[in-house]
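1. quick one: sequence plus predicted model below, questions after.
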Amino acid sequence: FMLGTIEAATTLRPGCATGYYGYPRNYYPPGYGADAMGDIQRRQNDEISWLFEASTAVFPSIYLSILPEDSRHNATTNKLYVRRVITEAIRLSGPDKVVPVTWSLYDNYPRTPRWHRLTAEDLQTEVEGPLDAGAQALLLWGATTNSTPGLSVADLQAYVETELQPVVSKVCRKYGCVPGV
């Protein structure tokens, strides 16, 4: 089914990037560590190498999930996690096919009662980390809703202008990239 879907999408939309979000799979933290769990994850990815070979893009998730006020939150661990996910995706498909996916929120819901925007440091990790690890692109997506406090269109616009845009501009100056829509 998965292979057939990629083949159909590639036929119907030639030139369009095709692949599955969240592959290669990873676990936060440590994500592909130099340990037994990392070895198991790499073997599982090797077993589905056909998926990475058939895909024209690989879309690993690099969402961070531990909130800064949690004692388990660690900026160094977050950076290592992003690096390891990207390194594994590149190992499986090469750097030109890796398009990590992230957003401006912690992936903490529904474990906490509301969504939380990334801190400036964690936003920097999610935007710069993939490029620093060798990825050639980044897909930053998001959503708004007027029914959830902090996620209105106005809230997102303010966040983009005050937090996201400066980070993206800084990273693009460093790596010579061009932000897209």
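-> Happy to help now that I have it.
2. after the one helix or strand in the chain whose mean pLDDT sits lowest comes which helix or strand?
-> Across the helices and strands of the chain, mean confidence by mean pLDDT, DSSP states H and E is lowest for helix 153-159: a mean of 86. Heading C-terminal from helix 153-159, the first helix or strand you meet, by DSSP states H and E, is helix 165-175.
3. now for that following helix, which elements pack on it?
-> helix 120-132 (3 or more C-beta pairs under 8 Å, 6 or more residues apart in numbering; DSSP states H and E). (Each C-beta comes from the backbone N, C-alpha and C, glycine too.)
4. only the buried residues of the helix it packs on, if you could.
-> Neighbour-count burial for helix 120-132, counted by 16 or more other C-beta atoms under 10 Å, picks out Asp122, Leu123, Gln124, Thr125, Glu126, Val127, Glu128, Gly129, Pro130, Leu131, Asp132.
5. what's the angle from it to helix 165-175?
-> Put simply, helix 120-132 runs at 30 degrees to helix 165-175, going by axes from the mean of the first three to the mean of the last three C-alpha atoms, to 10 degrees.
6. ok, then the element right after helix 120-132?
-> Following helix 120-132 toward the C-terminus (DSSP H and E): strand 139-140.
7. could you list every helix and strand that that next one packs against?
-> strand 101-102.
8. just to be sure, Thr56 is in a helix?
-> No: per DSSP: H, G, I helix; E, B strand; the rest coil, Thr56 lies outside any helix segment and is coil.
9. before we move on, the earlier item: taking the buried residues of helix 120-132 together, which two end up most distant?
-> Farthest pair in the buried residues of helix 120-132 (C-beta to C-beta) is Asp122 and Leu131. Separation: 15.8 Å.
10. contact partners of the least confident helix or strand of the chain?
-> Identification of contacts with helix 153-159 by C-beta atoms under 8 Å, 6 or more residues apart in numbering yields Ser104, Arg117, Gly142, Thr144, Asn146.
11. hang on, the earlier thing: any chance of the buried residues of helix 120-132 in JSON lines, plus distance to Ala154?
-> Converted to JSON lines, the buried residues of helix 120-132 look like this (distance: C-beta to C-beta, whole Å):
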{"residue": "Asp122", "distance to Ala154": "23"}
{"residue": "Leu123", "distance to Ala154": "19"}
{"residue": "Gln124", "distance to Ala154": "24"}
{"residue": "Thr125", "distance to Ala154": "26"}
{"residue": "Glu126", "distance to Ala154": "23"}
{"residue": "Val127", "distance to Ala154": "22"}
{"residue": "Glu128", "distance to Ala154": "27"}
{"residue": "Gly129", "distance to Ala154": "29"}
{"residue": "Pro130", "distance to Ala154": "29"}
{"residue": "Leu131", "distance to Ala154": "30"}
{"residue": "Asp132", "distance to Ala154": "32"}
